[in-house]
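J.: no letters, just coordinates:
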């Protein structure tokens with residue numbers, strides 16, 4: 001199974017990884033994982049104030065900080081894992097990558113807000129589910 005794991009380094013990411021660790025059937029060598037993190041793009045008017053290499057360094061450092069603990073987790077569990085860092089609007093990037101990459105499943109953490117709260121504030125998970133046809137497993 002080809003599985004996309006969107007992560008942001010939050011407690012919800014940690015909860016999703018803990019869930020994976022307690023479900024051995026997901027940690028078998030049968031699955032191919034791609035860990036994806038999406039860094040929000042700095043608005044163009046603000047980005048124009050920095051040299052391009054400084055912006056690239058900022059994005060790279062942010063991605064590396066998010067991936068560092070996840071790399072430890074995936075190596076500990078001997079998971080077949082690729083890592084992808086992108087810049088943009090997380091729900092759109094996740095949905096687009098899931099569709100283009102022909103993933104079988106997206107597993108992601110969610111904060112578990114009520115439907116009313118999601119209606120008011122929205123959530124990445126809700127927007128991903130609305131924006132792609134790939135099945136999503138939410139870990140709350």
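T.: Thanks, I have it. Quantities reported herein were computed from a predicted structural model and do not represent experimental measurements.
J.: report how many residues lie close to residue 38.
T.: Other residues lying near residue 38 total 23 when counted by other C-beta atoms under 10 Å. (Glycine included, C-beta is placed from N, CA and C.)
J.: tell me if it really is in a strand.
T.: Yes - looking at residue 38 with DSSP: H, G, I helix; E, B strand; the rest coil, it is inside a strand.
J.: list phi and psi for the residue of the chain positioned farthest from its centre.
T.: No residue in the chain sits farther from the centre than residue 49, which is 28.5 Å out by C-alpha atoms, centre = their mean. The phi/psi pair for residue 49 (degrees, to the nearest 10) reads phi -80, psi -10.
J.: got a pLDDT number for it?
T.: In the prediction, the pLDDT value recorded for residue 49 is 96.
J.: what of residue 111?
T.: So, for residue 111, pLDDT stands at 68.
J.: ok, now which ones touch the closest residue to residue 90 other than its chain neighbours?
T.: Computed as C-beta to C-beta, 6 or more residues apart in numbering, the closest residue to residue 90 that is not its neighbour in sequence is residue 38, at 4.2 Å. Neighbour list for residue 38: 6, 8, 85-90, 93-94 [criterion: C-beta atoms under 8 Å, 6 or more residues apart in numbering].
J.: just the buried ones from those residues?
T.: When those are checked for burial by 16 or more other C-beta atoms under 10 Å, the buried set is 6, 8, 85-86, 90, 93-94.
J.: could you pull out the strands for the protein?
T.: Assigned by DSSP state E, the strands in the chain fall at 2-6, 32-39, 80-87, 105-109, 136-139.
J.: and those strands as TSV, adding distance to residue 53?
T.: Formatted as TSV, the strands of the chain follow (distance: least, C-beta to C-beta, whole Å):
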stretch	distance to residue 53
strand 2-6	27
strand 32-39	16
strand 80-87	15
strand 105-109	32
strand 136-139	36
